[in-house]
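Enquirer: The following comprises the amino acid sequence and a computationally predicted model.
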Amino acid sequence: MKAYIQGAGCISPQNTAADEPFLESVRSYEGNRLSVADPDYKQWIDIKLIRRMSRVIKMGVGASQRCLQDAGITMPDAIITGTAYGCLADTSVFLSKMVSQQEEMLTPTAFIQSTHNTVAGQIALMLGCHAYNNTFVHRAFSFENALLDSLMILREGQAKNILAGGLDEITDHSHAILQRFGLFRTNSNDSTQLLAHTGEGTINGEGAGFLC
């Protein structure tokens with residue numbers, strides 16, 4: 001079976017969301033954390049919706065809309081995403097308020113947006129898509145499993161155009177916790193020279209990428 005990529009959309013620490021050749025200009029970062037270079041989300045998302053969205057939701061929805069535009073598709077036959085940790089910022093907000101407010105008078109918004117399938121659900125709501133919608137939460141293999149599921153559905157003939165993607169965000173708390181395990185470099189001064197210098201660990205990154 002043959003599968004083809006008709007369009008792609010990516011929001012990352014580089015200028016991948018801009019209409020320019022891929023990595024024509026490369027951004028260099030200092031330290032061991034690469035934060036997303038946020039584009040103007042108003043080109044894909046209604047401004048009234050943006051105000052209610054967290055960073056990772058805006059990244060995911062923006063990248064998916066960019067992908068659909070690139071592919072010339074208005075309605076996918078399925079939406080499949082992968083995420084290692086889900087919506088960390090909203091999860092942190094909900095848990096912090098649960099402690100500070102002693103589990104009383106909690107607003108449901110942060111909890112609703114803290115679930116791992118929030119981004120896939122938001123994409124479906126904006127498109128009015130009632131087709132197959134699934135999110136894989138398998139740590140580093142999440143995006144890989146999303147692609148595998150997409151290929152299986154294509155092979156079974158259940159869909160022709162599938163929107164598949166992966167996304168994750170960095171928060172101050174998650175970065176501090178993961179850094180304790182020695183996962184990231186401690187002496188990184190130039191992100192573009194990571195492979196040129198020996199050392200343990202890598203650089204933490206975030207972003208969202210979709211294929212269709």
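Expert: Received it, and whenever you're ready, just let me know what you need. Please read all numbers here as calculations on a predicted model, not as lab measurements.
Enquirer: for the chain, what's the longest strand?
Expert: Counting residues, the longest strand found in the chain (DSSP state E) is strand 162-168.
Enquirer: Pairing partners for that one, with directions?
Expert: Taking DSSP bridges as the criterion, strand 162-168 forms sheet pairs with strand 78-82 (parallel), strand 207-211 (antiparallel).
Enquirer: Which residue ranges of the chain form strands?
Expert: Secondary structure of the chain, counting by DSSP E: strands at 8-11, 33-34, 78-82, 132-136, 162-168, 204-205, 207-211.
Enquirer: ok, residues contacting the longest one?
Expert: For strand 162-168, contacts defined as CB atoms under 8 Å, 6 or more residues apart in numbering pick out 56, 59-60, 63-64, 67-68, 73, 76-85, 119, 123, 142-143, 146-147, 149-150, 153-154, 206-212. All C-beta atoms are positioned from the backbone trio N, CA, C, and that covers glycine.
Enquirer: and that strand, C-alpha only, in CSV?
Expert: Extracted in CSV, the C-alpha atoms of strand 162-168 (Å, rounded to 0.1, in the frame of the first residue of the first chain):
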residue,chain,number,x,y,z
ILE,A,162,-6.3,11.6,7.4
LEU,A,163,-5.1,14.5,9.5
ALA,A,164,-2.3,13.1,11.7
GLY,A,165,0.0,15.0,14.1
GLY,A,166,2.0,15.2,17.2
LEU,A,167,2.3,18.0,19.8
ASP,A,168,3.8,18.8,23.2
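Enquirer: Now do it against strand 132-136, angle only.
Expert: Interaxial angle of strand 162-168 relative to strand 132-136 (axes from the mean of the first three to the mean of the last three CA atoms, to 10 degrees): 30 degrees.
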